[in-house]
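Asker: sequence first, predicted model second:
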Amino acid sequence: MSDFLLELACEEIPARMQAKAAEQLAARFADGLKGRVSTDKIEVFATPRRLALIATGLPDHGAAVSEERRGPRADAPAQALEGFLRSTGMTRDQLEERETPKGVFLYANLRSEGRPTAELLAELIPQIIRDFDWPKSMRWGPASVVSSSPRWVRPLTGIIALLGDHVVPFEIAGITSGRSTRGHRFMSHGSIEIAHPRFYAAELRDAHVILDPAERRDIILTRARKLATDAGLTLIEDDGLATENAGLTEWPVPLLGKFDPAFLDVPPEVIQLTMRTNQKYFAAQDANGKLAPVFIAVANIEANDGGAAIAAGNARVLSARLSDAKFFWDGDVAKVKAEGLEAFTPKLADIVFHEKLGTVADKVERVAKLARYLAAFIPGCDADQAEHAARLCKADLTTGTVGEFPEVQGLAGGYLARAAGLPNAVADAIRDHYKPVGQGDDVPTAPVSVAVALADKLDTVVQFFDVDEMPSGSRDPFALRRAVLGIISLIIDNGLRLELAKVFVAALHGKGRKSDRWPDNLELLTFFGERLKVQQRAKGVRHDLIDAVYATGAADLVRLLARVHALQAFLATPDGANLLAGAKRAANILRIEEAKDGAKTGDVDAELLVEPAESALAAALATTLPVVEKSLADEDFAKAMQALSALRAPVDAFFDAVIVNAPDPALRINRLNLLNQLRNSVQAVADFSKIEG
């Protein structure tokens, strides 16, 4: 058994592409070996300058392959037979005749002996390189003029292909496979000869290359934390940034630098954005949780001066970036203090929100009216503040700061609102009106913030649906699915009692282009229901129960979920499970019989209740239904379920003792009416036909 090493060395691979490239290399290699060569384990590694794969436990020869191939019918023309014989390399007497339902056919049993593994690999690796799928790729060198030449993310510079201590020979893109590689670009000189795959990682480490990106990431975080701690600070953790820096370095060396504290007048989010996005630096905070005037850069070299010159150079670059940010910020603050945040709103009329929905100024007008409407449903919400915040929530889109740093929209507006002396509730609402942006994001709870955030998202969703710009399949250009999840989180987390259909009408302000579909727009209600199932799945709530309760017309999400939770608990009991079975049986009988002679809406005639079991069920329904209806009205869903549980025994007894389709037509109709009462009783709680099980 042998180990195999493949290294594909090249110019710098973008950090964002490395992980998926390593996964793809492993998958293509495993697929290429499938059914031919076994392997104990496949490991893949990525650095900025190489993709590497190590496979252990490969046999010297591949497995023999057997294949059965069906040919033409035994009585087929000679031409068809000759073609099949050519494709299989067999003679007529080597074929097997076999009887099938479609006649007698010829079969060829093909067997190829196992080939040397080195020979298979010499074919496989060039094919992997040719077929490799990069988000962006290029041709290079003299061969690049030919469209059939291989493409790679950056020019390939070398290939190692070692099976045990032997080179697997092949050539591609003018590069011949071998055993030579290079270490770190600056801290290693000359080529390195790899004697065997098991020495590869150690040889590279000696040449200042850490092969495993997970190890590089851990080194970055561990040393960055220590640098911050040694300075009396705490690192602001950023796993994504650590992963990105691991993809930018082969020998990561975190270094601490400082910047002018005067830049701390700029909002901390802007500073961190500049540091992270442009420079890939970490930030740190002091004991009070405030941003400290330091940064932690990750170098790709151990400098003789301990990194002082590198840190100083990075500080100069960061200072230039922060100077730009401070220039824009100071200009925005000066304007706000002189003219108020309203000074930025006129230019919103020049920004198109959507060609069918007008400008951002038009959207702001709609959101302001909707925020005032919603304030009445949010305890403690000041309607004037909600409308005021809504009218200013998009003002920062025309500021210099957001123009330079679009990612801080909302945040910048919140800071500027405070600089303008606006109430904290208004400033917070402006800051948070985009929240929650996604799963796991903070959900606003301050009343005014909730009103504005909800109004902004509702306007977006309802207006886009009104102009037929709905998501379809994977296409969701306006992020409406995310917006609906945000609406659901705002409603549920804040316990808001809103009827969705009424809110949709309010969001249109009576000017819907599809007024014939409002307020009962089933498309939009269905869309909310689907998103609700997605949102609740992670919390262990059954999707079929949401469907079942939603089907009753429940559009108050807080009430709906309370009912779903009570129903889920009830169905987990023996009474619940049995009643579900009985209710479904009743619904199935009614569906079949109503298809014959129409819906059953008549009253139950007590004179026709001739069987004790049907009399008992009628009595139980007469007692239960009023209790269920009152409990639902009182939102005592546990009591409603408890009342339903009383139906279990009489339902079971009814189906055991009573023939629904009695020979007497009057008895049959009366019993169907009784089952209809049962169906109505359970459907007051949920549509049991939508419940699985």
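Answerer: Thanks, I have it.

Asker: switch to C-alpha atoms for all contacts and neighbour counts from now on
Answerer: Will do.

Asker: pLDDT below threshold where in the stretch 101-250 of the chain?
Answerer: 112-113 (pLDDT under 70).

Asker: run through the helices of it in chain order.
Answerer: 117-131, 200-206, 213-230, 239-246 (DSSP state H, counting those that start in this stretch).

Asker: likewise for the stretch 501-650 of the chain?
Answerer: Using DSSP H, counting those that start in this stretch, the helices found in the stretch 501-650 of the chain span residues 522-537, 543-550, 557-571, 574-597, 612-633, 637-645, 648-657.

Asker: got those helices as a markdown table, with mean pLDDT and mean neighbour count columns?
Answerer: Below are the helices of the stretch 501-650 of the chain laid out as a markdown table (pLDDT from 0 to 100; neighbours: other C-alpha atoms under 10 Å):
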| stretch | mean pLDDT | mean neighbour count |
| --- | --- | --- |
| helix 522-537 | 86 | 16 |
| helix 543-550 | 87 | 22 |
| helix 557-571 | 89 | 19 |
| helix 574-597 | 84 | 17 |
| helix 612-633 | 90 | 18 |
| helix 637-645 | 87 | 21 |
| helix 648-657 | 89 | 17 |
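
Asker: pipe these into JSON lines and attach distance to Gly183 per row.
Answerer: Formatted as JSON lines, the helices of the stretch 501-650 of the chain follow (distance: least, C-alpha to C-alpha, whole Å):
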{"stretch": "helix 522-537", "distance to Gly183": "48"}
{"stretch": "helix 543-550", "distance to Gly183": "54"}
{"stretch": "helix 557-571", "distance to Gly183": "59"}
{"stretch": "helix 574-597", "distance to Gly183": "66"}
{"stretch": "helix 612-633", "distance to Gly183": "72"}
{"stretch": "helix 637-645", "distance to Gly183": "68"}
{"stretch": "helix 648-657", "distance to Gly183": "75"}
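
Asker: so which of these gets nearest Thr398?
Answerer: Closest approach to Thr398 among those (C-alpha to C-alpha): helix 522-537, 32.2 Å.

Asker: residues in contact with the closest one?
Answerer: 462, 465, 481, 484-485, 488, 500-501, 541-543, 546-547, 550 (C-alpha atoms under 8 Å, 6 or more residues apart in numbering).

Asker: element containing Arg366, please.
Answerer: Using DSSP states H and E, Arg366 maps to helix 360-375.

Asker: then Asn314?
Answerer: Using DSSP H and E, Asn314 falls within helix 308-339.

Asker: following that helix, which helix or strand shows up next?
Answerer: By DSSP H and E, the next helix or strand past helix 308-339 is strand 352-354.

Asker: and that next one, what other elements does it pack with?
Answerer: Strand 352-354 is packed against strand 358-359, helix 360-375, with contacts defined by 3 or more C-alpha pairs under 8 Å, 6 or more residues apart in numbering; DSSP states H and E.

Asker: rounded mean pLDDT for the shortest one, please.
Answerer: Per-residue pLDDT values over strand 358-359 give a mean of 94.

Asker: just how off-centre is it within its chain?
Answerer: Relative to its chain's centre, strand 358-359 lies at 30 Å (C-alpha atoms, centre = their mean, to the nearest Å).

Asker: partner strands of that strand, with direction?
Answerer: Here strand 358-359 has these sheet partners by DSSP bridges: strand 352-354 (antiparallel).

Asker: if we can go back for a sec, need the helices and strands packed on strand 352-354 in CSV with distance to Gly32 and mean neighbour count, can you?
Answerer: Below are these laid out as CSV (distance: least, C-alpha to C-alpha, whole Å; neighbours: other C-alpha atoms under 10 Å):
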stretch, distance to Gly32, mean neighbour count
strand 358-359, 55, 15
helix 360-375, 54, 22
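
Asker: so how far is Ala224 from Gly232?
Answerer: 13 Å (C-alpha to C-alpha, to the nearest Å).

Asker: sorry, back to before: ok, which of the helices of the stretch 101-250 of the chain comes nearest Ser149?
Answerer: Judged by C-alpha to C-alpha, the one of the helices of the stretch 101-250 of the chain that comes nearest to Ser149 is helix 117-131, at 8.3 Å.

Asker: show me what that closest one packs onto, helices and strands only.
Answerer: Looks like helix 117-131 contacts helix 15-33 (3+ C-alpha pairs under 8 Å, 6+ apart).

Asker: so for the helix or strand that comes right after the helix it packs on, what gets flagged as buried?
Answerer: Tracing the chain past helix 15-33, the next element assigned as helix or strand by DSSP H and E is strand 41-47. Buried residues in strand 41-47, counted by 16 or more other C-alpha atoms under 10 Å: Ile42, Val44, Phe45, Ala46, Thr47.

Asker: just checking, what packs against strand 41-47?
Answerer: Short answer (3+ C-alpha pairs under 8 Å, 6+ apart): strand 41-47 packs on helix 15-33, strand 50-58, helix 213-230.

Asker: can you list the domain ranges for the chain.
Answerer: The record's domain split for the chain, according to the TED database, is 2-61+116-207, 65-112, 213-338, 344-540, 567-690.

Asker: let me have those domains in CSV, extended by distance to Asp556.
Answerer: Output for those, formatted as CSV (distance: least, C-alpha to C-alpha, whole Å):
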stretch, distance to Asp556
domain 2-61+116-207, 43
domain 65-112, 60
domain 213-338, 37
domain 344-540, 5
domain 567-690, 12
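
Asker: and those domains: which comes nearest Leu561?
Answerer: Distance to Leu561, taken as C-alpha to C-alpha, is lowest for domain 344-540 among those, at 8.7 Å.

Asker: contacting residues around the residue lying closest to Phe688 once chain neighbours are set aside?
Answerer: Take Phe688 and drop its neighbours on the chain: the residue closest to it by C-alpha to C-alpha, 6 or more residues apart in numbering is Ala548, 6.2 Å away. For Ala548, the contact set (C-alpha under 8 Å, 6+ apart) comprises Ala686, Asp687, Phe688, Ser689, Lys690, Ile691.

Asker: most surrounded residue in the residues you listed?
Answerer: Greatest neighbour count in those, by other C-alpha atoms under 10 Å, goes to Ala686: 25 neighbours.

Asker: can you classify Val660 by secondary structure?
Answerer: Counting by DSSP: H, G, I helix; E, B strand; the rest coil, the backbone at Val660 sits in coil.

Asker: what is the burial count for it?
Answerer: 19.

Asker: give the contact list for it.
Answerer: Counting by C-alpha under 8 Å, 6+ apart, Val660 touches Arg668, Arg671, Leu672.

Asker: what's the most buried one of the helices and strands packed on strand 41-47?
Answerer: Of those, the one with the most neighbours on average (mean count of other C-alpha atoms under 10 Å) is strand 50-58, at a mean of 21.

Asker: nearest to Leu617, of the helices and strands packed on strand 41-47?
Answerer: Nearest of the helices and strands packed on strand 41-47 (C-alpha to C-alpha): helix 15-33, 62.1 Å.

Asker: and the contacts of that closest one?
Answerer: By C-alpha under 8 Å, 6+ apart, the residues outside helix 15-33 that reach it are 42-48, 51-53, 124-125, 128, 132, 134-135, 244-248.

Asker: so what pLDDT did the residue positioned nearest the centre of the chain get?
Answerer: The chain has Gln439 as the residue nearest its centroid, 8.7 Å off, counting by C-alpha atoms, centre = their mean. At Gln439, the pLDDT value in this model is 80.

Asker: same thing with Asp520?
Answerer: pLDDT, Asp520: 52.

Asker: returning to that earlier point: could you dump the buried residues of strand 41-47 into JSON lines and include pLDDT and distance to Asp239?
Answerer: Shown next, in JSON lines, are the buried residues of strand 41-47 (pLDDT from 0 to 100; distance: C-alpha to C-alpha, whole Å):
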{"residue": "Ile42", "pLDDT": "95", "distance to Asp239": "26"}
{"residue": "Val44", "pLDDT": "97", "distance to Asp239": "21"}
{"residue": "Phe45", "pLDDT": "97", "distance to Asp239": "19"}
{"residue": "Ala46", "pLDDT": "97", "distance to Asp239": "18"}
{"residue": "Thr47", "pLDDT": "97", "distance to Asp239": "18"}
